[in-house]
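Chemist: Requesting a structural model of the entry that follows:
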Amino acid sequence: MNTLLSIGRSIITSAPRIVSARQTTVTARTMATVSTINMPRDPNTLSNYNNWRTKHTIADLAIDFTKQRVHGTVTLQLESITDKESEEIILDTSFVDVQSVAVDGNKTGEWTLEKRIEPFGTPLSVKIPGGAAKGTVIALAITLSTTDKCTALQWLTPAQTSNKKFPYMFSQCQAIHNRSIFPCQDTPDVKSTYDFRIRSPLPVLASGLPRGAGSFVHGENGESGTLLYSFYQEIPMPSYLFALASGDIATASIGPRSLVSTGPEELIGAKWELERDTEKFIETIEKIVYPYEWTQYNVLVLPPSFPYGGMENPVFTFATPTIISGDRENVDVVAHELAHSWSGNLVSNASWEHFWLNEGWTVYLERRIIAAVHGEAYRDFSSIIGWKALEDSVKLYGEDHEFTKLIVDLKGKDPDDAFSSVPYEKGFHFLYYLERLVGKPSWDKFIPHYFTTWKKKSLDSYDFKATLLDFFASDSAASKALESVDWDSWFYKPGLPPKPEFDTSLVDKCYALAKKWESKDYTPSPSDIEGWAANQVVVFLQQVQLFTTPLTPVQSQAMGKAYNLVNTKNVELSSRYFGVGLAAKDETVYQPTAELLGKVGRMKFVRTLYRKLVVVDRKLAVETFEKNKDFYHPICRDQVEKDLKE
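Modeler: As a prediction, this is how the structure comes out:
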């Protein structure tokens, strides 16, 4: 494995690396150049990427909506990073139908699909007799088809789309799902450039820059004709950022280097929602880090079953339709996914055990954008909302749970099971703590240094620590301050981190209104929240959820009516209000909750509401899930199934 080491002042980490049998403890880190050592540091891949490394990927695929399959040939160009030490290339696969493997054009190569290892899949072993000299590139051309067990793709029938006219397909490869589309080194510790050649009867988008469409082929037996859509990605990216979408997609400009794509009927609304802020956000973060490197920043607004708020696929962010709320109140999701263009996409966590390096940095940069655009108080306002989400995650897992640590042990575990707000918010708070420790002016010089040092590379938490300490080594005041950092506690201690003092100026009125609701005699009025931003209502509802004694059903109904929380198009509001109502055992919100669960597939809302609904009406919760499980993305469906069994 290529691990990125620096030559210079050696730095000893204060805690041991979490290791598996296939890993070795690394405690020394130095800065500046690259060395090669054989030490896989990602426990969630079965590939031998410490011997071979993917340099370029050619995805020559066709989308078959009738069979709900993607099939074709994927060519991996792999470089030997040892000198004839390995006589086989091992790739990750999961439920892929591998039909043939050609080695450097030789179709008689020996290959084997080994026994499946849960939850990681089936290793594909390709023999390379005699191995290869260091630096030699071997081309593997793999002919394949996805299967009905593919976890990365969601197929929607026309009835599941907004205009009911055409089918739709989209991918979600994070964390370890690209291996269910094609064999690959499915680890963020490996980065590859890409060429996409995707044939489909409907428009295609991918995580590359478009070259155009052509090569029309007439359909047979009444089927639609197809076009070949070509894209390229010259910036190396990890496998989880491979992305495809195809369907009835229309596109409009939202800025000088940005497009929005979505269903034709939703295009005008999506354009209005995003065109005011997108370029402003890009220009803002460029001043914080350095210029945007991916050429275009576009947003694809997906159908409602998309399981996340957004996915930072390069060139085209995949976004939930819940951000299109008609009030521009949820466009911070764009700021978050845009920030990933630096943190996560250019600079990537080397394994999912260090996911905070992706998400903590991204939340930090997102809030810096918000502060620059709206004022510093809004950064603290967003942080207060995030702190509540962090408290909820810690409460859900338990304050001593492994998944509440900044660095988690994922040996033998599915990274999806550890997905929560912890890496986002605890990661943010670590960076925010460091900013305050060394001082914002000094910290702001470190930001571009960090993202330059690790550009187009992957790192772990120990690399981050070494980079930080090395940068501030010549700054005596900052170095002295950093001596006080308890690295062991930040990296390995479960539970909540120390809570900072926030500027509460934007939330004080929210807290004051919540205080009034502690009295059962309080009579609400629409004027209570007149002039409020939607996120202020969110904070108010979060405070109500913290009440030791829930509201009564009568209070819940009065709140919903006075503040128009039942019929609002803003799911951030309706979902939280339903949470209040479910805690109150207000039966008038049970059915609206079930209806919302049939319209929205974003896990942030879906999992939270199912957990609350199952407590008060298990029968309705199970019936609602059974009715809608084919609507949900496979990742979401699997997680909710686990939630309902607990």
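
Chemist: use CA for all of it now, contacts and neighbours both
Modeler: Noted.

Chemist: By mean pLDDT, flag the weakest helix or strand of this structure.
Modeler: Using mean pLDDT, DSSP states H and E, strand 11-12 stands out as the lowest-scoring helix or strand of the chain, at a mean of 26.

Chemist: Doesn't Thr73 lie inside a helix?
Modeler: No - judged by DSSP: H, G, I helix; E, B strand; the rest coil, Thr73 forms no part of a helix; its state is strand.

Chemist: And it, what's its pLDDT?
Modeler: Predicted confidence (pLDDT) for Thr73: 99.

Chemist: My guess is it contacts Asp97. True?
Modeler: No - counting by Cα atoms under 8 Å, Thr73 sits too far from Asp97 to count as a contact (11.6 Å).

Chemist: Which of the two has more residues huddled nearby?
Modeler: Thr73 (22 against 17; other Cα atoms under 10 Å).

Chemist: Roughly how far does that one sit from Thr262?
Modeler: As defined by Cα to Cα, to the nearest Å, Thr73 lies at a distance of 28 Å from Thr262.

Chemist: next one: Trp342
Modeler: Counting by Cα to Cα, the gap from Trp342 to Thr262 is 25 Å.

Chemist: Which of those two has more residues huddled nearby?
Modeler: Trp342 (28 against 24).

Chemist: Next, count neighbours for the residue lying closest to the more buried one once chain neighbours are set aside.
Modeler: In space, and not counting its chain neighbours, Trp342 is closest to Phe451: 7.0 Å by Cα to Cα, 6 or more residues apart in numbering. Residues near Phe451, counting by other Cα under 10 Å, number 17.

Chemist: tell me which element Phe451 is part of?
Modeler: helix 440-453 (DSSP states H and E).

Chemist: now for that helix, which elements pack on it?
Modeler: Here helix 440-453 touches helix 278-288, helix 461-471, going by 3 or more Cα pairs under 8 Å, 6 or more residues apart in numbering; DSSP states H and E.

Chemist: how much space between Lys440 and Ser474?
Modeler: Taking Cα to Cα, one finds Lys440 at 17 Å from Ser474.

Chemist: Who has more neighbours out of these two?
Modeler: Set Lys440 next to Ser474 and count neighbours by other Cα under 10 Å: Lys440 wins out with 13 against 10.

Chemist: ok, now which ones touch Gly225?
Modeler: Pro201, Phe216, Val217, His218, Gly219 (Cα atoms under 8 Å, 6 or more residues apart in numbering).

Chemist: do that again at 10 Å, thanks
Modeler: Arg199, Ser200, Pro201, Leu202, Phe216, Val217, His218, Gly219 (Cα atoms under 10 Å, 6 or more residues apart in numbering).

Chemist: how far off helix 278-288 does the helix holding Phe451 point, in degrees?
Modeler: On the basis of axes from the mean of the first three to the mean of the last three Cα atoms, to 10 degrees, helix 440-453 is oriented at 100 degrees to helix 278-288.

Chemist: which parts of helix 440-453 are buried?
Modeler: Neighbour counts using 16 or more other Cα atoms under 10 Å place Trp443, Phe446, Ile447, Pro448, His449, Tyr450, Phe451, Thr452 of helix 440-453 among the buried residues.

Chemist: likewise stretch 113-131?
Modeler: In stretch 113-131, counting by 16+ other Cα under 10 Å, buried: Phe120, Gly121, Thr122, Pro123, Leu124, Ser125, Val126, Lys127, Ile128, Gly131.

Chemist: Out of these, flag the one nearest to Trp487.
Modeler: Phe120 (30.8 Å; Cα to Cα).

Chemist: Quickly note the distance from the closest one to Glu266.
Modeler: 38 Å.

Chemist: What of Thr151?
Modeler: 27 Å.

Chemist: And the two? Which one has more around it.
Modeler: Taking neighbours as other Cα under 10 Å, Thr151 and Glu266 compare with Thr151 leading, 23 against 17.

Chemist: Am I right that Leu613 is in a strand?
Modeler: No - for Leu613, which was evaluated using three-state DSSP, the result is helix, with no strand membership.
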